[in-house]
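Chemist: okay, predicted coordinates and the sequence, questions at the end:
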Amino acid sequence: MVAQSVPFPAPVAAPAGPWRAAGRVLIGNRSAMTALMVLLLMAFSCVMAPFYAQDIAHTDPFTSNVAGSLTLNGHDVDIMQPNDNPLHLGLSPVGPTWHASAYLLGADSQGRDVAARLLYGGRNSLMISFSAALLCIAMAATVGVLAGFFGGIIDIILSRLMDIMWAVPVYLFAISLSIVTISQGLKIGPFTIESDNLLIPVVIIALVYVPYAARPIRGRVMALRNAEFVTAAKSLGVPRWRILLLDILPNVSTTLVVLAPLLTALALLAESALSFLSIGVQAPAASWGTIIQDGEGLIYTRPMVAIAPGLAIVIVVLALNILGDGLRDALDVRETSRKGT
Amino acid sequence: MRAEAPLLEVHDLSVSFRSRGRYIPIVEKVSFSVGSREILGIVGESGSGKSVTAMAIMGLIDAPDVKITGSARFRGQELVGLPQKAFRHLRGRDIAMIFQDPMTAFTPVYTIGWQIDEQIRAHEALSKTGARARTVQLLGDMGVPDPERTANRYPHQLSGGLRQRAMIAMALSCNPVMLIADEPTTALDVTVQAQILDLLRNLRHNYGSSVLLITHDMGVVAETCDNVMVLYSGRVAERGPGEAIFAQPAHPYTAALLDSIPPLTGPRPARLPSIAGSPPAPLERPSGCAFAPRCHYAHESCVMLPPLISYGSQDVACVLPVEGRPLPPRVVADVA
Amino acid sequence: MIAALFRRLGQTLFVLFGISVLVFLVFFATPGADPTSRIAGKNASPETMARVRHEYGFDRPLPVQYATMMKKLFITRDLASYVDRGELVVPEIVQAAPVTLSLATGGAVIWVVMSVVMGTTAAAFRGTLIDRGLMILGLIGISIPVFWLGQVANLITQARYHDTWLFSWVPGLGYIPFSESPLGWFRALIIPWIVLAVLFIGIYGRVLRADLIAVSGEDFMRTARAKGLSPARVLLVHGLRTSMITFVSLFGLDFAQLIGGGALLTEVVFGLQGVGRLTYQALSNLDLPLIMASVMYSAVFVVLANAVVDMVYVFLDPRVRDAR
């Protein structure tokens, strides 16, 4: 019998690493790419806030300017004008001019340029939410990996702690922490964080979302712990820390990456809620939440003050969610728990 | 019904899935027929396209990126391209299907009886009590003890064997002329396997049904089937009457499959011969004989796709018989 | 059975205890958060500080303070506010509860109905424009800050279009008790209900769609199709019914959080004096007894909802029924 080998096509090369494959899928995902573009554009505009304020709008968005005026189509217009609404006595700020050179979106109740404040506020909002998401992921990864990998009593204690935190409505929890720290600042040993430090909302928001992020991480670690390759490594006598570092962490990292945009979105919403209740970013600094708060009193006369920052939040959060969905599909991470309220 | 008109006649059936802009054939030009009260075994490893063939005949593949071509005539009615609405009246009533894993094939939140009643009432105008009476009758026929109580139990409360009996009862509930059984015994214990196969074999006498039995296990085929079709990598490797194929397989793949059946009697060999390697993925299927990379007899002429030729009472897609070097008859003929 | 019940009860009490300790610690032991200076005022003299500290018992050890507060809250029920002296906190909560209950229940009805319709429709038209459109709508719903949406809703219904036939029926902000006027109650709450529901419609619609699609790959769905059932029956009777198990567990927790004060932003924007707003006011004044009372109230609801979800689970999933 003939047993000669005959030319047959060689097997196709093994696929590239999961990151590169995921990157390719993500780039092919049109909505995720659009979302990323929108995010980068928003971030860039906010970074350019001082440029806009000084060189285009020629305004200081942090000082009250109720006595000032602006030049519109060659006429001088007072920033605070007699009210056109018969029910509202007193003055109301100038509405949107739709001219980038002056009060594009109008002024707020203190005569400050809303457009410039929007950009400065965006800086704070984006910075706080992004840092809070990173901090939250770091804490949640620690909790999730410890609980999932070591199990036993550590798992029981940490999981119960998460249950307790989870039982309190997230916003109420964040509000409680904020009120305590905003009123007095935070003293940890020799360090004092002033109450107007942006670190306070960052830490608070990161903290309250830890249970939300720790759960899927713990689940993933537990699944990995029982995976064949980990069992194999264990039976080969590989030390635990090595398994943790080389086998578990790289595999959890996809979950962390998918969580990042989703958590940033949640953090942005939480930050705006806290600032809206004036217990987040403190005056005179701005964030999108504080501007909505400023606009609350003007909502019936100058709705643009509140509508503009709200739209900015919706756009950024939507883009973050779309990006998160794209990442989840690209990295094929199924279990990222849902949004909390 | 005239004897010469087969119940199901499949001709050049192909199923392709679209991937990255091109169609990849999973099943390629498969032809076979099933007569009235006949049991046809479709054999092959996982990925050979046997389940996909069955799903295509049942009209259960309706994903937009799947293309089904060829023809499958059931009682003269063309099934390929049949609208889903028309398929619905066929499914469950004329052609019924049972699945591999009775664990997961029942909806977990309804009782067994409820689910059988549902099928009966989907096809026949019967009252609830009328449907239940038939359900209990069927369960009893399938050898389910205490059928009235069992009908009120949930799937997870039954053993695998009982669940598969209930599954068969459900499939038979509307007196189908054809039953497609997709690996009906794979998930079951050996003893239960034999009972379920007995049940299937007796269907043609008790219910007059033909059976399309899909399996990877030549032993199951040997015990049950009249005719056999061996699929390899989406193509027909060999088909013909069971006895002839078991006596003298014409395709090396069939021969290898037969060699890997554990003998039913006598001492168990220390090692069963197995086929080295695995079937090619649809994307990497060679243009010639797909089995050649794993075949002991592979040689130059295997780079061409061998046509299905008639050899004795069988049809075989192999060059060996043409070249005058057929495989020898099997020595160990202790099966069946 | 009895043992499981007791274990469950034990766990519940443990969670409640944990929450009360957590809240207590946040307000008494957080570095820099001294309730004395809060009550006495920032520039109070040392004598005043000492008097306040003694009067409120802040000079006693923390565990004693904690125990006293718990006793007053649960046993004698005469816990009084620190801010409005003499105002008992338990009746205040009892007064706010129906407002929150009305708000959350109505919102829940809307969001359950809408999300089931949305999730099922999207799953049925999977991969089509309808599916994509619905999912983007859901994502937008998730992305809108609820307090801002409330403001915009107020702008439209209270000001801009209030004088047109479209929204002239909308009463001014605030709550109208059901016992006073059922129609007024409904009119006052319908806009807040919708605003509250938007976020959840988005979440639940998307979760349900994902679940239905995951379920559609299950063997039993293939069986249902092989039985010759109509696609609608397969999707609803077999798919949706099975997906409801996850849906209900999510719903229980979210609903409980809303009842327990999680709807405070909606309450604030629409001027509804509910539990959430009450809690927020208590927090703003650092009125510890009221905070403690409202947080415990909300925790009880969360725990209760957990128990109810477990019971519904047993009803929905026969496998769970046998597991206990």
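Modeler: Received it, and whenever you're ready, just let me know what you need.

Chemist: what residue, apart from its backbone neighbours, is nearest C:Leu88 spatially?
Modeler: C:Ala80 (5.7 Å; C-beta to C-beta, 6 or more residues apart in numbering or on different chains). Bear in mind the C-beta positions are built from the backbone N, C-alpha and C, glycine included.

Chemist: and the one you found, how far is that from chain B?
Modeler: Between C:Ala80 and chain B the computed distance is 51 Å (C-beta to the nearest C-beta, to the nearest Å).

Chemist: I figured C:Asp317 hits B:Tyr110, correct?
Modeler: No: between C:Asp317 and B:Tyr110 there is no contact under C-beta atoms under 8 Å: 11.4 Å.

Chemist: residues in contact with the residue nearest to C:Leu88?
Modeler: Residues counted as contacts of C:Ala80 (C-beta atoms under 8 Å, 6 or more residues apart in numbering or on different chains) are C:Gly86, C:Glu87, C:Leu88, C:Val89, C:Pro289.

Chemist: do A:Trp288 as well
Modeler: Taking C-beta under 8 Å, 6+ apart, one finds A:Leu118, A:Gly121, A:Gly122, A:Ser125, A:Ser272, A:Ser275, A:Pro309, A:Gly310, A:Ala312, A:Ile313 in contact with A:Trp288.

Chemist: over to B:Leu8: give its phi and psi.
Modeler: phi -130, psi 130 (degrees, to the nearest 10).

Chemist: I'd say it and B:Phe74 touch.
Modeler: Yes: counting by C-beta under 8 Å, B:Leu8 touches B:Phe74, with 5.2 Å between them.

Chemist: more crowded one of these two?
Modeler: B:Leu8 (23 against 20; other C-beta atoms under 10 Å in any protein chain shown).

Chemist: tell me the secondary structure at the closest residue in space to C:Tyr161 that isn't next to it in sequence.
Modeler: Using C-beta to C-beta, 6+ apart and skipping the chain neighbours, the partner closest in space to C:Tyr161 is C:Phe167 (4.9 Å). Secondary structure state of C:Phe167, per DSSP: H, G, I helix; E, B strand; the rest coil, is coil.

Chemist: how much space separates C:Phe167 from chain A?
Modeler: Distance from C:Phe167 to chain A, by C-beta to the nearest C-beta: 14 Å.

Chemist: need the phi and psi values for that residue.
Modeler: Per degrees, to the nearest 10, the backbone of C:Phe167 is at phi -130, psi 20.

Chemist: wait, it touches C:Leu155, no?
Modeler: No: between C:Phe167 and C:Leu155 there is no contact under C-beta under 8 Å: 10.8 Å.

Chemist: next, count neighbours for C:Ile191.
Modeler: C:Ile191, neighbours per other C-beta under 10 Å, totals 20.

Chemist: just the pLDDT for it.
Modeler: On the pLDDT scale, C:Ile191 is placed at 94.

Chemist: picking that back up, closest to chain C among the contacts of A:Trp288?
Modeler: When the contacts of A:Trp288 are compared for distance to chain C (C-beta to the nearest C-beta), A:Gly310 wins out at 3.7 Å.

Chemist: that closest one belongs to a strand, doesn't it?
Modeler: No: counting by three-state DSSP, A:Gly310 falls outside a strand, being helix.

Chemist: how close does it sit to chain B?
Modeler: A:Gly310 is 39 Å from chain B, by C-beta to the nearest C-beta.

Chemist: what sits closest to that residue if chain neighbours are left out?
Modeler: C:Trp148 is the one closest to A:Gly310 (C-beta to C-beta, 6+ apart), at 3.7 Å.

Chemist: element containing the one you found?
Modeler: Secondary structure assigned from DSSP states H and E places C:Trp148 in helix C:146-154.

Chemist: show me the contacts for the nearest residue to A:Leu268 once chain neighbours are set aside.
Modeler: Distance criterion C-beta to C-beta, 6+ apart; nearest residue to A:Leu268, sequence neighbours excluded, is A:Ser129 at 3.9 Å. Neighbouring residues of A:Ser129 by C-beta under 8 Å, 6+ apart: A:Ile205, A:Thr264, A:Ala265, A:Ala267, A:Leu268, A:Ala270, A:Glu271.

Chemist: ok, the fifth one - contacts?
Modeler: Read it as A:Leu268. A:Ser125, A:Leu126, A:Ser129, A:Ile313, A:Val316, A:Val317, A:Leu320.

Chemist: most neighbours out of the residues you listed, which is it?
Modeler: A:Ser125 (31 neighbours).

Chemist: mind telling me what element that residue is part of?
Modeler: Going by DSSP H and E, A:Ser125 is in helix A:114-150.

Chemist: any idea of the mean pLDDT in that helix?
Modeler: 91.
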